[in-house]
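Asker: The sequence and its predicted three-dimensional model are supplied below.
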Amino acid sequence: MSLFPEMEKPPSGDPEAAGSDAKPAARKAVVPRPAAPGGYLALARKYRPGAFDEVVGQEAVISTLRNAIEGGRLHHAYLFSGIRGVGKTTVARLFARALNCVKGPTPAPCGACDPCREIAAGTSMDVIELDAASNRGVDDVEPLREAARYAPSRDRNKVFILDEAHMLSNAAFNSLLKILEEPPPRIVWILATTEYRKIPPTVVSRCQHFEFYRVPRAVVAGYLRGIAAAEKAEVSDEGLEVIAATAGGSVRDAVSLLDQAIAYSGASVSAEDVRRAIGVIDRRLLFGFLRLIAQRDASGVLELIATLADGGADFSQFASGLLSTIRDATVVRFSPDAGRVVAATGDEAAELRELGAAFDEDGLLRVFNAILDLPGALRGAPQPRFVLEAAALRLTRLADLTPIEEVIRELKEGGGAPPSGPGAGTAGTPGGPSPAQSG
């Protein structure tokens, strides 16, 4: 029986834009890795994908690599980019297994032969990994360049995986240029990075580039649901949604947070347990804060901040939640198809629409713009509560401002517009001389 009978699949188009209505798609079981005797294996390692079918939310990348293997159109250098925890290094290792399996090259390596087992365990002599974050100089990459000159020891291909490749120095990149462009036969380079724009264009141009997208919230929640069931833990749907939203598209982060929540609460985990375990601000507080701003209730926002302080809340995290919430409310207010760009449940979407309608359009935009820099300001502040209180009081006034265009229009319609032409600027008119001057 499949461990994950129903996995979510993002709708066509930009995977980042997928909302919570993504349709489920069947996916093969993920086989948990056994823990060491007497030890515990973290869920992020225990449920790390062991086959292409188990990779979550990267269908375009997996399909392209499968077709390349089946069609024999294998490149000598690949660049995998994307945020942390979306499968870059995992897919690199799976690709190495697909190339070196005794039954390969095959998109479905057996997992039982010596190359498959050694690559999975990280002990293969022909699959060499380098952490470029801590080995970034010329002297660190020179052994790789020399090793690439020789044929594989046993396997079909010698695969070099450079993790966090953007951390390499310019001199290190320059030393790799020639071997990247024209490597000897049976040599494959895979560069994985979270910031590919920091990689020199001369290196990018020598690689096939695959972008790993953030995984939609609904897909992550479905994946977590399967893991929770396999671990015999009852986690509420709202709790899974909280974890998926907090992870921000990173599957590894989401699984680690689930692990933390289960450790905190045991076999039964509620949404409130999740918030306490991972330190997430209750979104109801965020909605309440912004409603008080819309009502220009200065006293109310100060009382809410006092409540947060009494509960030991992280004000910078609260401000980040405010920014995300006001952004979603703004998008819902202005976009007729907000479901594609706002990840929210049905109840949350209704609350966001109500919140957006509590402001006029200009006031909503002013509040959104004022909150943009608030998380950063709080992060480095010696007294973050004071900064938040001052910002909150300003926000209650921002929503009440009248656009200058409306003021000018009312002045004109009321006959109070400044006169123009000869004789303009008499005493008592805006821009005219003062009574003392006219005297």
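Answerer: Received, thanks.

Asker: contacts, neighbours, all on C-alpha from now
Answerer: Will do.

Asker: what about Ser324, helix or strand, and which?
Answerer: helix 315-334 (DSSP states H and E).

Asker: sorry, that was for Arg206
Answerer: With DSSP H and E as the test, Arg206 turns up in no helix or strand.

Asker: That one: how many residues sit nearby?
Answerer: The local packing of Arg206 (other Cα atoms under 10 Å) involves 18 other residues.

Asker: okay but it is in contact with Ile179, surely?
Answerer: No. Counting by Cα atoms under 8 Å, Arg206 does not reach Ile179; the two are 10.2 Å apart.

Asker: Using PDB, write out every CA atom in the helix holding Ser324.
Answerer: C-alpha atoms of helix 315-334 as PDB (Å, rounded to 0.1, in the frame of the first residue of the first chain):
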ATOM      1  CA  PHE A 315       8.000  41.100  17.600                       C
ATOM      2  CA  SER A 316      10.100  40.800  14.500                       C
ATOM      3  CA  GLN A 317       8.200  37.500  13.700                       C
ATOM      4  CA  PHE A 318       4.900  39.300  14.400                       C
ATOM      5  CA  ALA A 319       5.800  42.100  12.000                       C
ATOM      6  CA  SER A 320       6.700  39.500   9.300                       C
ATOM      7  CA  GLY A 321       3.300  38.000   9.800                       C
ATOM      8  CA  LEU A 322       1.700  41.400   9.600                       C
ATOM      9  CA  LEU A 323       3.400  42.000   6.300                       C
ATOM     10  CA  SER A 324       2.300  38.700   4.800                       C
ATOM     11  CA  THR A 325      -1.300  39.200   6.000                       C
ATOM     12  CA  ILE A 326      -1.600  42.800   4.700                       C
ATOM     13  CA  ARG A 327      -0.100  41.700   1.400                       C
ATOM     14  CA  ASP A 328      -2.600  38.900   1.100                       C
ATOM     15  CA  ALA A 329      -5.500  41.300   2.000                       C
ATOM     16  CA  THR A 330      -4.200  43.800  -0.600                       C
ATOM     17  CA  VAL A 331      -4.000  41.200  -3.300                       C
ATOM     18  CA  VAL A 332      -7.500  39.900  -2.500                       C
ATOM     19  CA  ARG A 333      -8.800  43.400  -2.600                       C
ATOM     20  CA  PHE A 334      -7.400  44.200  -6.000                       C
END
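
Asker: Packing partners of that helix?
Answerer: The contact analysis (3 or more Cα pairs under 8 Å, 6 or more residues apart in numbering; DSSP states H and E) places helix 315-334 against helix 283-294, helix 346-357, helix 361-371, helix 374-379, helix 384-398.

Asker: go with 6 Å
Answerer: helix 346-357, helix 374-379 (3 or more Cα pairs under 6 Å, 6 or more residues apart in numbering; DSSP states H and E).

Asker: need the helices for the stretch 151-300 of the chain, in chain order.
Answerer: Under the criterion DSSP state H, counting those that start in this stretch, helices of the stretch 151-300 of the chain are mapped to 170-181, 201-204, 217-230, 237-247, 251-265, 271-278, 283-294, 298-310.

Asker: buried residues in the fourth one?
Answerer: What that stands for is helix 237-247. By 16 or more other Cα atoms under 10 Å, the buried positions in helix 237-247 come out as 237, 239-247.

Asker: Just put those in JSON lines and tack on distance to Arg333 and pLDDT.
Answerer: Shown next, in JSON lines, are the buried residues of helix 237-247 (distance: Cα to Cα, whole Å; pLDDT from 0 to 100):
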{"residue": "Asp237", "distance to Arg333": "27", "pLDDT": "88"}
{"residue": "Gly239", "distance to Arg333": "27", "pLDDT": "88"}
{"residue": "Leu240", "distance to Arg333": "27", "pLDDT": "91"}
{"residue": "Glu241", "distance to Arg333": "23", "pLDDT": "87"}
{"residue": "Val242", "distance to Arg333": "23", "pLDDT": "86"}
{"residue": "Ile243", "distance to Arg333": "26", "pLDDT": "90"}
{"residue": "Ala244", "distance to Arg333": "24", "pLDDT": "89"}
{"residue": "Ala245", "distance to Arg333": "21", "pLDDT": "85"}
{"residue": "Thr246", "distance to Arg333": "23", "pLDDT": "86"}
{"residue": "Ala247", "distance to Arg333": "25", "pLDDT": "88"}
